[in-house]
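Student: I'd like to go over a predicted model; first the sequence, then the structure.
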Amino acid sequence: MLQTKWRDSFIAIGRGVAADDCFQSNRRCIGPVTLFKQLSFGILLMLSIAQSLLAQQPSVPPLPSFELENEHKVEADGTERSDEAGPFTLTAFTLAPQSRVRRGRYMIVRCRVVNEQEQLDAVTLVVTVTGRPGEQFARKVEIEPKRGRTVDIPIPVSEDFLETAIEISCTLRLERDGREVLIEREGEAIEQKLRFPVDTANCVTGTLLNRPPRQYQDWEWPKLDAYATYDWVVATRVIAGHQRVTMDLESYPLPNDLVDWDSMDNIVIADERLFHNYAAVMAFKNWLMSGGRAWIMLDYIDPKLLNSILGPDQYLNLIDRTEITQAVLDSPTAFNQSDRNKKLSTLNSVKLVKIEQRGGEVTHTVDGWPAAIWMPIGEGEILFTTLGAEAW
């Protein structure tokens, strides 16, 4: 209160304000002599306090530091924390593009780790699921200095998982002097958390289709902008009572491990890229053997590339590639006579691959040539179609 009055009085006097107007609350007046005495006393008091504060105190010897004697902090689960500058950085943590969270299946989480050091080193990525404290899913990898690496970690989702979403977290750990150390930065663990909804779809279809048509300019004619293969896939899903949504794999690296295929029930292939990757072909074949189903459009894929996935008593031999505008479509397995011997007539030509086949069942023909062939592969099966999508 006194200091406030000092300040207000000094301002009022400097501005030539009458002493009677200095304090409106109590209507008291402070004369110049009294004010000077109070200011002098206050200044001397403040100088005395400042001198005592600035006086050097004898240094006190530091107490022993527990953290200095123990370089790593031990967590309850036995993991030790390290406060050193982060040698690794977790730059990305997400769900792999070929994966979904489905009950009774594996989900694949994808991590991107960067080695910030000048030397080769190994790091362990540990993923935990909220509500499952006794389980950890880990993978140890070596990374070149100043390089990054993408790591996929499969996590099983139980059939009796009742939640509508799953929450997971990822941490990085190092091995130093035979001990596992949790990497920290600025005193906190390098950790990322994610939450994903559980997919309740009855059937998940993956697609690896041909490239969509290019964008045409305004003056170009005719504009052939129909994406026939995609439209055909969507139409068959809608007729079967499923959603239009598919798992598009065209823009991502191919799934090279069997577990990468676990989220899919079936896949539609109209691109040869898969069959030029040996690891992807072997994973695809194992997925078929374990019950997967595939639809392969031979008007976009060379039958010679398929020999590695067919059985010993199965083969496809290419006779000719042609285009047709008129033909007769027949289905020997049709229940209704009205579905037999349908005539096809179109202004735009449609691709037809003439195939000689052995094994499987031919359910549709075009002028006597196989148009749809079903072949069993282990517990799974493949549908081969030889007629362009525009004709169906």
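Tutor: Looks like it arrived, so ask away. Numbers count the residues shown, from 1 in each chain.

Student: ok, F335 - how many residues close by?
Tutor: 7 (other Cβ atoms under 10 Å). Backbone N, C-alpha and C define where each C-beta goes, glycine included.

Student: let me know the secondary structure of it.
Tutor: Counting by DSSP: H, G, I helix; E, B strand; the rest coil, the backbone at F335 sits in coil.

Student: can you give me the distance of it to I143?
Tutor: Distance of F335 to I143, computed by Cβ to Cβ, to the nearest Å: 60 Å.

Student: which residues of the stretch 101-250 of the chain fall in strands?
Tutor: Applying DSSP state E, counting those that start in this stretch to the stretch 101-250 of the chain gives strands spanning 106-115, 121-129, 137-143, 148-156, 165-176, 179-185, 188-189, 191-197, 205-208, 247-248.

Student: for stretch 204-218, output the C-alpha coordinates as PDB.
Tutor: The C-alpha coordinates for stretch 204-218 follow below in PDB (Å, rounded to 0.1, in the frame of the first residue of the first chain):
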ATOM      1  CA  VAL A 204     -12.900 -57.600 -47.800                       C
ATOM      2  CA  THR A 205     -11.800 -57.500 -51.400                       C
ATOM      3  CA  GLY A 206      -8.400 -56.300 -52.500                       C
ATOM      4  CA  THR A 207      -7.800 -54.900 -56.000                       C
ATOM      5  CA  LEU A 208      -4.600 -54.900 -58.100                       C
ATOM      6  CA  LEU A 209      -6.100 -53.500 -61.300                       C
ATOM      7  CA  ASN A 210      -4.800 -52.000 -64.500                       C
ATOM      8  CA  ARG A 211      -4.100 -48.300 -64.600                       C
ATOM      9  CA  PRO A 212      -7.200 -46.100 -64.800                       C
ATOM     10  CA  PRO A 213      -7.800 -44.100 -68.100                       C
ATOM     11  CA  ARG A 214      -5.900 -40.900 -68.500                       C
ATOM     12  CA  GLN A 215      -7.600 -37.500 -68.200                       C
ATOM     13  CA  TYR A 216      -8.700 -36.200 -71.600                       C
ATOM     14  CA  GLN A 217      -8.500 -32.600 -72.700                       C
ATOM     15  CA  ASP A 218     -11.600 -30.700 -73.600                       C
END
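
Student: mind checking the pLDDT average for it?
Tutor: In this model, stretch 204-218 has an average pLDDT of 82.

Student: in that stretch, what counts as buried?
Tutor: By neighbour count on 16 or more other Cβ atoms under 10 Å, the buried set for stretch 204-218 is 204-210.

Student: stretch 269-276 now?
Tutor: Those would be 269-271, 274-275, for stretch 269-276 by 16+ other Cβ under 10 Å.

Student: what about these, which are in helices?
Tutor: In this view, the buried residues of stretch 269-276 have no member that belongs to helices under DSSP state H.

Student: those residues: which two are farthest apart?
Tutor: In those, two members sit farther apart than any others by Cβ to Cβ. They are A270 and F275, at 11.9 Å.

Student: name the residues contacting each of these two.
Tutor: Here A270 and F275 have I301 as joint contacts, going by Cβ atoms under 8 Å, 6 or more residues apart in numbering.

Student: re earlier: what is the nearest of the buried residues of stretch 204-218 to M107?
Tutor: Relative to M107, the closest of these is V204; by Cβ to Cβ it sits at 12.1 Å.

Student: any idea how far V204 is from T385?
Tutor: In terms of Cβ to Cβ, T385 sits 21 Å off from V204.

Student: show the end-to-end separation of stretch 270-280, please.
Tutor: 15 Å (Cα to Cα, to the nearest Å).

Student: now what about that stretch, what contacts it?
Tutor: Residues external to stretch 270-280 that are found in contact with it (Cβ under 8 Å, 6+ apart): 208-210, 229, 250, 254-257, 281, 284, 296-297, 299-302, 305-306, 308.

Student: same check on stretch 241-249?
Tutor: Stretch 241-249 has contacts (Cβ under 8 Å, 6+ apart) with 97-98, 100, 201-208, 233-234, 237-238, 255, 263-264, 267-268.
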